[in-house]
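*Asks:* here is a sequence together with a model predicted from it:
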Amino acid sequence: DAGVIQSPRHEVTEMGQEVTLRCKPISGHNSLFWYRQTMMRGLELLIYFNNNVPIDDSGMPEDRFSAKMPNASFSTLKIQPSEPRDSAVYFCASSLLAGANEQFFGPGTRLTVL
Amino acid sequence: DQQVKQNSPSLSVQEGRISILNCDYTNSMFDYFLWYKKYPAEGPTFLISISSIKDKNEDGRFTVFLNKSAKHLSLHIVPSQPGDSAVYFCAANTGNQFYFGTGTSLTVIP
């Protein structure tokens, strides 16, 4: 299994532009999580899906952020418009069950907003 | 509001010695506590976990201790090896909510 796949690995964009991050979870996993890593706050859970349905998006910082999971093998995290304070590493993770302890993380997307 | 805190951003240990990474939490309702290890340019990988009903879990060189009265857990690595050099994240979950600490960067000196 290739593990969780994220693209792009690096994204540099200008303030105000739309950014779309992509994730392919491990086949057969029912839960998908989006995290943001910053120095100050560590890993923050933004949103998670169970069976393609968003369960809790309370961690999404504001309306500029949105996430979708149109099918079991694909999810996107979109930021529109992007701001410099959105610069961070964004991780996608999947797990077999919603309450499973072990989450499998992708390699992350390093986003830089100039 | 950080529900899981790692107050030491970094730690250096000599190869062969014990590494002790600490973590504090605020929510007494957490069900499980976990440690993840992260190498540069990679995602975190699961290392070891402990249920809230236990006080110790051991897996090879890695042992996690849980002190519920103090709301404190620690990860012991013995003996430490250079390949253990990484960032270690403490995490806790209740239901489907996961909370991570800010990480501790461990350097094992050969």
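*Replies:* Cool, got the structure. These numbers were taken from a predicted model, which means no experiment stands behind them.
*Asks:* residues of chain A that sit close to chain B?
*Replies:* A:4, A:31, A:33, A:35, A:39-45, A:48, A:50, A:55-56, A:91, A:93, A:98-99, A:101-108 (Cβ under 8 Å from any Cβ of the partner chain). Yep, even glycine has a C-beta here, placed from its N, CA and C like the rest.
*Asks:* from residue A:83, how far off is the residue nearest in space to the middle of chain A?
*Replies:* Centroid-nearest residue in chain A: residue A:34, 3.2 Å away (criterion: Cα atoms, centre = their mean). According to Cβ to Cβ, to the nearest Å, residue A:34 and residue A:83 sit 18 Å apart.
*Asks:* my read: the residue nearest to the centre of chain A touches residue A:90, true?
*Replies:* Yes. Under the criterion of Cβ atoms under 8 Å, residue A:34 makes contact with residue A:90 at 6.8 Å.
*Asks:* mutual contacts of those two, please.
*Replies:* Shared contacts of residue A:34 and residue A:90, defined by Cβ atoms under 8 Å, 6 or more residues apart in numbering or on different chains, comprise residue A:77.
*Asks:* on that earlier part again, please pick the buried ones from the residues of chain A next to chain B.
*Replies:* With burial judged by 16 or more other Cβ atoms under 10 Å in any protein chain shown, the buried subset of these is A:4, A:31, A:33, A:35, A:42-45, A:48, A:50, A:55-56, A:91, A:93, A:101, A:103-108.
*Asks:* so which residue of chain B comes closest to chain A?
*Replies:* residue B:43 (3.1 Å; Cβ to the nearest Cβ).
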